[in-house]
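K.L.:
quick one: sequence and predicted model below, then my questions.
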Amino acid sequence: MTKIIKVIIPAYNEEESIGKVIAEIPEIVSEIIVVDNNSTDSTSEVAKKTGATVLFQHNTGYGNACLKGMEYIFEEKTKPDIVVFLDGDYSDYPSELTKIVAPILEDDIDFVVGARVKKLREVGSMTFPQRFGNQLATKLMTLFFSSKFTDLGPFRAIKYEKLLALNMEDKTYGWTVEMQLKVLKKKFTYVEVPVNYKNRIGVSKVSGTLKGAIFAGIKILSWIFKYSFKK
């Protein structure tokens, strides 16, 4: 039986990249949902022309955009079996979506993270704050939860029923780590899949600014410590 796969792409001022991302998503995906997170450019117009469903989330924040996409799916009559989250900056390789969903389709795994391993990363594609933040967060998750995660990569897939069970709530930069922490706490099955990673188009809204990097780091650490002492 063919599984229904839907993709949610949070996007803020990604007019130069969003069309490329959508064009390279494999045909096994039944719907591509781009959530325009209050862009001031032509992100929405480009996404529509390339065949995506476009939603608008005027409340800024990565998590807000993801939650908007989930809300749309929840209200649809036909529910997906798998939801994939993918950034709109073209730093990931959308064609690798088949690798991301394979463990779910073939081995019944609940959750998959695309791990941006060093040997597959383009030089400069991850800034020092990103690398440091990833290493610190994943080491803390290993320490507190015996986690095997090595990355907080945004390219990820999860069974829809499991996604609902996580009761996601973070509205900004803590979205990815919240999801991984809740997967650990609920003892869902998970794996990482090594993926290629390249320099994004445009400037990162998080790691591209000192303010963004600091805020993201605080959010990530706050989620980890919150769950470390939560019974």
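P.N.:
The structure has been received and is ready for your questions.

K.L.:
next, work out how far apart Asp81 and Val29 are.
P.N.:
The span separating Asp81 from Val29 equals 12 Å under the rule CB to CB, to the nearest Å. Where you see a C-beta, it was placed from the backbone N, CA and C, and this is true even at glycine.

K.L.:
check what pLDDT the residue nearest the centre of the chain gets.
P.N.:
Averaging the C-alpha coordinates of the chain gives a centre point, and the residue nearest to it by CA atoms, centre = their mean is Pro154 (3.1 Å). Among the per-residue scores, Pro154 shows a pLDDT of 95.

K.L.:
would you agree it falls within a helix?
P.N.:
No. Going by DSSP: H, G, I helix; E, B strand; the rest coil, the assignment for Pro154 is coil, not a helix.

K.L.:
which non-adjacent residue is nearest Leu163?
P.N.:
Ranked by CB to CB, 6 or more residues apart in numbering and with sequence neighbours excluded, the top spatial neighbour of Leu163 is Val83, at 5.5 Å.

K.L.:
in which helix or strand would I find that neighbour?
P.N.:
Counting by DSSP states H and E, the element that carries Val83 is strand 82-85.

K.L.:
from the chain's centre, how far out does that strand sit?
P.N.:
Computed by CA atoms, centre = their mean, to the nearest Å, the separation of strand 82-85 from the middle of its chain amounts to 9 Å.

K.L.:
tell me the mean pLDDT for that strand?
P.N.:
Confidence for strand 82-85, expressed as mean pLDDT, is 98.

K.L.:
direction included, what does it pair up with?
P.N.:
Applying DSSP bridges to the sheet, strand 82-85 is found paired with strand 5-11 (parallel), strand 156-159 (antiparallel).

K.L.:
contacts for the longest one?
P.N.:
With CB atoms under 8 Å, 6 or more residues apart in numbering as the test, strand 5-11 has contacts from 18, 21-22, 25, 28-37, 39, 43, 47, 52, 62, 65-66, 69-70, 73, 80-88, 97, 101, 157.

K.L.:
which of the residues in the helix or strand following that strand are buried?
P.N.:
Using DSSP H and E, the helix or strand that follows strand 5-11 towards the C-terminus is helix 18-23. Of the residues in helix 18-23, those buried under the neighbour-count criterion (16 or more other CB atoms under 10 Å) are 18-22.
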